[in-house]
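Colleague: Fold the following.
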Amino acid sequence: MKLHLNLTVETENSPSPPPSPRPISASPTEHIPATNNWLKRGLTTSTVILTFLILFPPTNLWLKSTPVAKILQGKPPTYTGKIVFPLKGLNAQTAKVTDVPNSPRPLGCKANCRMHAGTDYGYTGDILSVLDGTISEVKPDSPVGGIVGVESGKYTIRYVHLNRDSVRKWKIGQPVQAGELLGIVRETFAGSSGAHPHIELYENGKLSDIRQLIGGI
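Modeller: Okay, the predicted model is just below:
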């Protein structure tokens, strides 16, 4: 019986089979440098912004084109609930009322009349703010003299026929405290019966009578 043996002897010179390819997988540490880069950039941007804000703090000029700027010109008003009679040195009992809201204009008019919007007093002197609030209107050069408006929550009060120069100091958005000097009555204006303050009260935008607010003072 004949046996046939096929033997293969591997020597150092025999080529070895190529190694199996290693699966390519991203090492979790390979992305850390990129993350660090973004982190550094973010920190750099934040540092630049923070430095800019420190060197150039926000001012009202940034808000010049928005209505909010008007409110930020002064500190927010502190509403104390205090009510002050607007004619310095007088009160509801001693002040002389010369005209009331909804009376016809011109004086003595019988038909096609316009209605008077405010309460008039026979008085010359200092005009005080009735309530805490914010200046909402300033017209020193109106045809009827200086006008100052103060917004106080649901109330808006307009003070009319004031000395022009005495109201020029006010700016829209400035806070006002009850009892603070708003202006002075000194002049006689065309169409009026003499130097007098004209005070209009609006409650939620509707014309009212200032005496309802200060009648007990």
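
Colleague: What count of nearby residues applies to Arg105?
Modeller: 13 (other C-beta atoms under 10 Å). The C-beta positions use only the backbone N, C-alpha and C, and glycine is treated the same way.

Colleague: wait, what's in contact with it?
Modeller: 113-116 (C-beta atoms under 8 Å, 6 or more residues apart in numbering).

Colleague: Determine the three-state secondary structure at Asp165.
Modeller: Classification of Asp165 using DSSP: H, G, I helix; E, B strand; the rest coil returns helix.

Colleague: thinking again about what came up before, give me the subset of the contacts of Arg105 that lies in strands.
Modeller: Residues of these located in strands (DSSP state E): 114-115.

Colleague: Counting neighbours, which of the contacts of Arg105 end up buried?
Modeller: With burial judged by 16 or more other C-beta atoms under 10 Å, the buried subset of these is His116.

Colleague: my guess is Leu201 contacts Val160, does it?
Modeller: No. The criterion here is C-beta atoms under 8 Å, and Leu201 misses it with Val160 at 12.0 Å.

Colleague: and the two? which has more neighbours close in?
Modeller: Val160 (25 against 22).

Colleague: Roughly how far does the more buried one sit from Leu128?
Modeller: Separation of Val160 from Leu128 (C-beta to C-beta, to the nearest Å) stands at 15 Å.

Colleague: Ok, Ile49 next?
Modeller: From Ile49 over to Leu128 (counting by C-beta to C-beta), the distance is 47 Å.

Colleague: Which of the two has more residues huddled nearby?
Modeller: Leu128 (20 against 10).

Colleague: beta partners of the more buried one?
Modeller: Leu181 (DSSP bridges).

Colleague: what residues are up against it?
Modeller: By C-beta under 8 Å, 6+ apart, the neighbours of Leu128 are 84-88, 178-182.

Colleague: So which residues of the protein form strands?
Modeller: 97-99, 104-105, 114-115, 119-121, 125-128, 133-142, 145-152, 155-162, 175-176, 181-185, 198-203, 206-208.

Colleague: Run through who's touching the last one.
Modeller: Translated: strand 206-208. 101-102, 117, 200-202.

Colleague: Show me just the buried residues among these.
Modeller: By 16+ other C-beta under 10 Å, these give 101, 117, 200-202 as buried.

Colleague: Residues in contact with both of Leu201 and Val160, list them for me.
Modeller: Shared contacts of Leu201 and Val160 (C-beta under 8 Å, 6+ apart): Gly118.
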